[in-house]
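>>> structure for this input, please:
(chains A and B)
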Number of protein chains: 2
Amino acid sequence: MKRYGAIEGGGTKFVCGIGAEDGTIQDTVSIPTTTPEETMSKAMAYFAGKEIEAIGIGTFGPVDVHADSPTYGSVTKTPKPHWSGYDLVGYVKRELKVPVGFDTDVNAAALGELLWGAAQGLQSCLYMTVGTGIGAGAVAEGRLVHGLTHPEMGHIIVRRHPEDHYGGKCPFHGDCLEGLAAGPALEARWGVNASELGEDHAAWRFQSYYIAQALMNYILILSPERLILGGGVMHQAHLFPLIREQVKELLKGYVHHPALDRDIDRYIVSPGLGDKAGISGALALAVKAAEA
Amino acid sequence: MKRYGAIEGGGTKFVCGIGAEDGTIQDTVSIPTTTPEETMSKAMAYFAGKEIEAIGIGTFGPVDVHADSPTYGSVTKTPKPHWSGYDLVGYVKRELKVPVGFDTDVNAAALGELLWGAAQGLQSCLYMTVGTGIGAGAVAEGRLVHGLTHPEMGHIIVRRHPEDHYGGKCPFHGDCLEGLAAGPALEARWGVNASELGEDHAAWRFQSYYIAQALMNYILILSPERLILGGGVMHQAHLFPLIREQVKELLKGYVHHPALDRDIDRYIVSPGLGDKAGISGALALAVKAAEA
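Here you go, the predicted model:
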């Protein structure tokens, strides 16, 4: 069976892995995210001699995903030191001399879930991660969604919960979705890590209100056939029923579909690939790159 | 040159037209929207003997746009009397015996603008209409966006302007975007038709705040390469600079792209096809149906 490389590039670590076109991951290694040169040379050492057909990179952004752009495959302007302008795809292509698939971490995860996870057999889905940040990627009509740039769905405007007086933590927007509902916002608002808040804590009413508004807007704008919620904060499994209930409450029956009317438990779900959604998504990009 | 039929189905009138594959419209007629049987038999009488290759229908919704659904081409559950369940595509196919393209009015308009209007040469765009209702359609990666159903972007949640105490007019959601910013909401809030409000009226501050929030969320979720704003309310040309300014203010430089940083006047624009965006979009659906 052919072997493919996968890189899930995150703010604190780069996970590298080897897998097959059926989605199985055979091996992974984790490399701390330091400078691009250091991080990527360790990644290349991992792939050396592994005879991969192609490699996929799903990474933190913002990145240039326009295939016809002169800076395609580079990190664009980021507050993260050293990484602005770094040419990820160019470097990997020069080192490994195989086709390189490239997208955001969340777009990669959405593709992985569509091929092998919770959205198998569908033509569209949305993958959202709620962790140290909030991001989402989407497949529509069978294709990963890009346009002017790539989506940045974590920063949409949501209505504030009337009882929530926390100012918000997004350095750009203050109280956008990420500013109100990512892990660091929860911790700043309540003074403890989200995992230490009891299931009946008021935090979860706020949290489900914000996440549900985001899902409502994603449904109304993209109409994905499945909504997949991952990331550290979503390990709080009790959030799922709260979010589903809020989504129904907000939509007020406006969009008619059995997925919303009757089967919402199977519509808003955890990643089918669990915490492997990211690395599997990068593998999916590799498989697509080999086909192209 | 081959001839194609086009139907723009609206709540008060159905516009029928004949056009060519270069997007020119040679003739149109307007039929009042009464019962489906009456309206559509008049439409069929218009097309009789016109020797069209195919026909496109862009219509008010909600409609079933799933090609593999048993009720494909029908109006789904609508508060509009007589129209729930009406099989538009089935009737037209039986009567005219030509390929039928079918989508929402706003998706059709988005496609028309992409082929022949303000988004020519691009792979993505969003067309939004602000009139008696608010709706938007989108092309992403060269394809009209559908999924679970079709988008219903006019009903997204926006944050209320702190000085706006109007309750909202959406029968489903009260103060969703449409409930706060469609023509009837303006008229109910201010007591006169929007066209009678002076350019320095407070109405436009509220209006640009709401529309800009919608555009910000559309940008962050879909990343369209162009935003095209049509419909009766957008005839107020002075709204455009207000909206562009608000969008920049809300985004706070988070998404870097020349279209937003420098060229926003060419990014958020009027329909290139003017008030013909709808009927041209239906023509575009006809041309696509003939190709398929």
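>>> and the strands in chain A?
A:4-9, A:13-19, A:25-32, A:55-59, A:100-104, A:125-130, A:134-140, A:143-144, A:227-230, A:268-269 (DSSP state E).
>>> which residues sit against the last one?
The reference is to strand A:268-269. For strand A:268-269, the surrounding residues in contact (Cβ atoms under 8 Å, 6 or more residues apart in numbering or on different chains) are A:118, A:215, A:226, A:227, A:228, A:229, A:240, A:243, A:244, A:247. (Each C-beta comes from the backbone N, C-alpha and C, glycine too.)
>>> the residue lying closest to residue A:247 once chain neighbours are set aside: neighbouring residues, count only.
Of all residues not flanking residue A:247 in the chain, residue A:212 sits nearest, at 4.7 Å (Cβ to Cβ, 6 or more residues apart in numbering or on different chains). Using other Cβ atoms under 10 Å in any protein chain shown, residue A:212 has 23 other residues around it.
>>> so residue A:212 is in contact with residue A:243, correct?
Yes - using Cβ atoms under 8 Å, residue A:212 is in contact with residue A:243, at 5.2 Å.
>>> please produce CSV containing the strands of chain A, extended by mean pLDDT and mean neighbour count.
Output for the strands of chain A, formatted as CSV (pLDDT from 0 to 100; neighbours: other Cβ atoms under 10 Å in any protein chain shown):
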stretch, mean pLDDT, mean neighbour count
strand A:4-9, 98, 29
strand A:13-19, 98, 23
strand A:25-32, 98, 14
strand A:55-59, 98, 30
strand A:100-104, 98, 26
strand A:125-130, 98, 29
strand A:134-140, 98, 28
strand A:143-144, 98, 20
strand A:227-230, 98, 26
strand A:268-269, 98, 22
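>>> tell me the contacts of residue A:172?
A:155, B:252, B:253, B:254.
>>> list buried residues within those residues.
Taking 16 or more other Cβ atoms under 10 Å in any protein chain shown as the criterion, what is buried in these is A:155, B:254.
>>> quick check: the farthest pair among the contacts of residue A:172?
Based on Cβ to Cβ, the longest span within the contacts of residue A:172 runs between A:155 and B:253 and measures 11.6 Å.
>>> so the nearest residue to residue A:218 once chain neighbours are set aside bridges to which residues?
Nearest residue to residue A:218, sequence neighbours excluded (Cβ to Cβ, 6+ apart): residue A:126, at 5.5 Å. Assessed by DSSP bridges, residue A:126 has beta-bridge partners residue A:138, residue A:227.
>>> now residue A:126: how far from residue A:136?
In this view, residue A:126 and residue A:136 are 6 Å apart by Cβ to Cβ, to the nearest Å.
>>> now do residue A:205
22 Å.
>>> got it, and residue A:26?
28 Å.
>>> find me the pLDDT at residue A:292, would you?
We have a pLDDT of 89 for residue A:292.
>>> residues of the stretch 51-200 of chain A that sit close to chain B?
Within reach of chain B by Cβ under 8 Å from any Cβ of the partner chain, the stretch 51-200 of chain A has these residues: A:62, A:76-77, A:123-124, A:136, A:138, A:140-141, A:143-153, A:155-160, A:172-173.
>>> give me the buried subset of these.
Buried subset of these (neighbour count, 16+ other Cβ under 10 Å): A:62, A:76, A:123-124, A:136, A:138, A:140-141, A:144-153, A:155-158, A:160, A:173.
>>> go through the residues you listed and flag which are in helices.
Judged by DSSP state H, those include no members of helices.
>>> ok so, going back, joint contacts of residue A:126 and residue A:136?
Contacts common to residue A:126 and residue A:136, judged by Cβ under 8 Å, 6+ apart, are A:110, A:218.
>>> I'd like the distance from stretch A:155-165 to the chain centre, please.
22 Å (Cα atoms, centre = their mean, to the nearest Å).
>>> what do you get for stretch A:116-132?
On Cα atoms, centre = their mean, the centre of stretch A:116-132 falls 9 Å from the chain's centre.
>>> span of that stretch from start to end?
Taking Cα to Cα, to the nearest Å, stretch A:116-132 runs 25 Å from one end to the other.
>>> could you tell me the per-residue confidence at residue A:80?
pLDDT at residue A:80 comes out at 86.
>>> which residue is the nearest non-sequential neighbour of it?
residue A:11 (6.7 Å).
>>> surely the one you found touches residue A:81?
No - using Cβ under 8 Å as the test, residue A:11 is too far from residue A:81 to be in contact (11.2 Å).
>>> between the two, which one's more packed in?
Taking neighbours as other Cβ under 10 Å, residue A:11 and residue A:81 compare with residue A:11 leading, 14 against 8.
>>> which residues are in contact with that one?
Counting by Cβ under 8 Å, 6+ apart, residue A:11 has contacts A:33, A:60, A:80, A:132, A:133.
>>> for chain A, longest helix please?
Per DSSP H, chain A has its longest helix at helix A:203-222.
>>> quick one: which of the contacts of residue A:11 is most hemmed in?
residue A:60 (21 neighbours).
>>> can I see the domain layout of chain A?
A:4-108+A:275-291, A:120-270 (automatic domain parsing).
>>> compare the ones you listed and give me the one nearest residue B:285.
Minimum separation from residue B:285 across the domains of chain A (Cβ to Cβ) falls at domain A:120-270, 15.4 Å.
>>> which residues sit in contact with residue A:79?
Taking Cβ under 8 Å, 6+ apart, one finds residue A:171 in contact with residue A:79.
>>> any idea how far it is from chain B?
11 Å (Cβ to the nearest Cβ, to the nearest Å).
>>> burial of residue A:272, as a residue count?
Residue A:272 - counted by other Cβ under 10 Å - has 18 other residues nearby.
>>> residues touching it, list them.
Contacts of residue A:272 by Cβ under 8 Å, 6+ apart are A:113, A:116, A:117, A:118, A:119, A:120, A:228.
>>> how far away is the fourth one from residue A:266?
Shown here: residue A:118 relative to residue A:266, a distance of 9 Å by Cβ to Cβ.
>>> quick one: contacts of the lowest-mean-pLDDT helix or strand in chain A?
None of the helices or strands of chain A scores lower by mean pLDDT, DSSP states H and E than helix A:258-261, at a mean of 93. Helix A:258-261 is contacted from outside by A:219, A:225, A:247, A:248, A:251, A:253, A:266, A:267, B:148, using Cβ under 8 Å, 6+ apart.
>>> quick one: which of those is most hemmed in?
residue A:219 (29 neighbours).
>>> so what's the closest residue in space to residue A:188 that isn't next to it in sequence up against?
Once flanking residues are discounted, residue A:188 sits nearest to residue A:169: 5.6 Å by Cβ to Cβ, 6+ apart. The contact partners of residue A:169, by Cβ under 8 Å, 6+ apart, come to A:178, A:179, A:180, A:182, A:184, A:185, A:188.
>>> how close does residue A:52 get to chain B?
Taking Cβ to the nearest Cβ, one finds residue A:52 at 27 Å from chain B.
>>> wait, that residue sits on residue A:6?
No - between residue A:52 and residue A:6 there is no contact under Cβ under 8 Å: 9.1 Å.
>>> so how far is residue A:201 from residue A:13?
29 Å.
>>> likewise residue A:172?
28 Å.
>>> what of residue A:60?
30 Å.
>>> same check on residue A:175?
Residue A:175 is 20 Å from residue A:201, by Cβ to Cβ.
>>> neighbour count for the two, which is higher?
The neighbour count for residue A:175 versus residue A:201, taken as other Cβ under 10 Å, is higher for residue A:175 (20 against 15).
>>> enumerate every residue touching the more buried one.
A:160, A:166, A:167, A:168.
>>> one more: residue A:251?
Per Cβ under 8 Å, 6+ apart, neighbours of residue A:251: A:216, A:219, A:260.
>>> which single one of the residues you listed is nearest to residue A:278?
Nearest to residue A:278 among these, with distances taken as Cβ to Cβ, is residue A:219, at 23.4 Å.
>>> spatially nearest residue to the closest one, not counting backbone neighbours?
residue A:255 (6.5 Å).
>>> what's that neighbour sitting at in phi/psi?
Phi and psi for residue A:255, reported as degrees, to the nearest 10, are phi -100, psi 120.
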